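Engineer: give the three-dimensional model of this entry:
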Amino acid sequence: MIDRQTWLWTEEVKEKVRAKKRLYNVFLCNKTAANWPAYREARRAAKKAVAIAKAAHYDEVNRRLETRDGERWLTYQDTHQRNAEREEPSSRTNERRGLHQGVD
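Structural biologist: Sure thing, here's the model as predicted:
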């Protein structure tokens, strides 16, 4: 399972990453001294936007967990996802189908 961190992709982050990719392609097509600094600046801006989005998200998560109902905030889906990452996918599939190991 791939964690794509959908919470990270705010409109600002999407915009900055698109600009970075566009400027990178411009640089690849025309490798001049003027295109490289433009790409580097866009790359820095994208990194900064991602860092700000991550910090804001984790501040919100920590704020929720520190409340009285913080443990309730951890939903079944979060717990289920963590447990699913620990198990092998084939064993979960076999359990759903009723094919347990060791049964003759």
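Engineer: now for this structure, the helix or strand with the poorest mean pLDDT.
Structural biologist: Across the helices and strands of the chain, mean pLDDT, DSSP states H and E gives its lowest value to helix 89-97, namely a mean of 59.
Engineer: show me which residues of the longest helix anywhere in the chain are buried.
Structural biologist: Longest helix in the chain by number of residues (criterion: DSSP state H): helix 35-65. The neighbour-count check on helix 35-65 (16 or more other CB atoms under 10 Å) flags 35, 39, 42, 43, 45, 46, 49, 50, 53 as buried. From N, CA and C alone the C-beta is placed, and that goes for glycine too.
Engineer: OK, contacts around the fifth one?
Structural biologist: Spelled out, it's residue 45. 16, 19, 20 (CB atoms under 8 Å, 6 or more residues apart in numbering).
Engineer: show me those residues that map onto helices.
Structural biologist: Filtering the contacts of residue 45 for membership in helices, criterion DSSP H, returns 16, 19, 20.
Engineer: now for the first one: which residues touch it?
Structural biologist: Meaning residue 16. 42, 45, 46, 48, 49, 50.
Engineer: tell me the pLDDT at it?
Structural biologist: Note for residue 16: predicted pLDDT of 97.
Engineer: from residue 9, how far out is it?
Structural biologist: Distance, residue 16 to residue 9, using CB to CB, to the nearest Å: 11 Å.
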